[in-house]
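1. Sequence and predicted structure below; questions after.
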Amino acid sequence: MKKLKRMFLPVAIVLFAVGAALASHAAKSLDSSEPGYYFDSSTSQCVSAGVDCSTIPGQACTWTDESNITHNLSREGETMCGAPLYKQ
């Protein structure tokens, strides 16, 4: 019985640590929302579309402007609109 009690605490600690690691990873995956930007060729700048997109690959995140032109949205970079973003 003493041997069983000695083993219980380390096993419980390991299970707790694994559960915490999995919960932390899941929380990071859910927090992948980023604002979408499109490149405005008339001003040569990235412009916010006011749409939240995801970094998790899938269907492209798009936005349609007043002229009925659809833009693929991406992350804002230092010099240009860089990496593509995806629908949430």
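-> Sure, I can see it. Numbering: from 1, shown residues only.
2. Now Met7: which helix or strand?
-> Assigned by DSSP states H and E, Met7 belongs to helix 2-30.
3. Output the contacting helices and strands for the next helix or strand after that helix.
-> Following helix 2-30 in sequence order, the next helix or strand is strand 33-40 (DSSP H and E). Judged by 3 or more CB pairs under 8 Å, 6 or more residues apart in numbering; DSSP states H and E, strand 33-40 is in contact with strand 45-54, strand 70-72, strand 74-76, strand 81-84. (Each C-beta comes from the backbone N, C-alpha and C, glycine too.)
4. Compile the ones you listed into JSON lines and extend it with columns for mean pLDDT.
-> Converted to JSON lines, the helices and strands packed on strand 33-40 look like this (pLDDT from 0 to 100):
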{"stretch": "strand 45-54", "mean pLDDT": "92"}
{"stretch": "strand 70-72", "mean pLDDT": "91"}
{"stretch": "strand 74-76", "mean pLDDT": "90"}
{"stretch": "strand 81-84", "mean pLDDT": "87"}
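5. Just say which of those is most tucked in.
-> strand 74-76 (a mean of 18; mean count of other CB atoms under 10 Å).
6. For that one, give me every contacting residue.
-> By CB atoms under 8 Å, 6 or more residues apart in numbering, the residues outside strand 74-76 that reach it are Glu34, Pro35, Gly36, Tyr37, Tyr38, Cys46, Ser48, Cys81, Gly82, Ala83, Pro84, Leu85.
7. Next: stretch 51-62.
-> By CB under 8 Å, 6+ apart, stretch 51-62 touches 29, 32-36, 63, 70-73, 83-88.
8. Out of these, which end up buried?
-> Glu34, Gly36, Trp63, His71, Leu73, Leu85, Tyr86 (16 or more other CB atoms under 10 Å).
9. On the pLDDT front, check Ala17 for me.
-> With respect to pLDDT, Ala17 scores 68.
10. Give me the distance between His71 and Ile13.
-> Separation of His71 from Ile13 (CB to CB, to the nearest Å): 51 Å.
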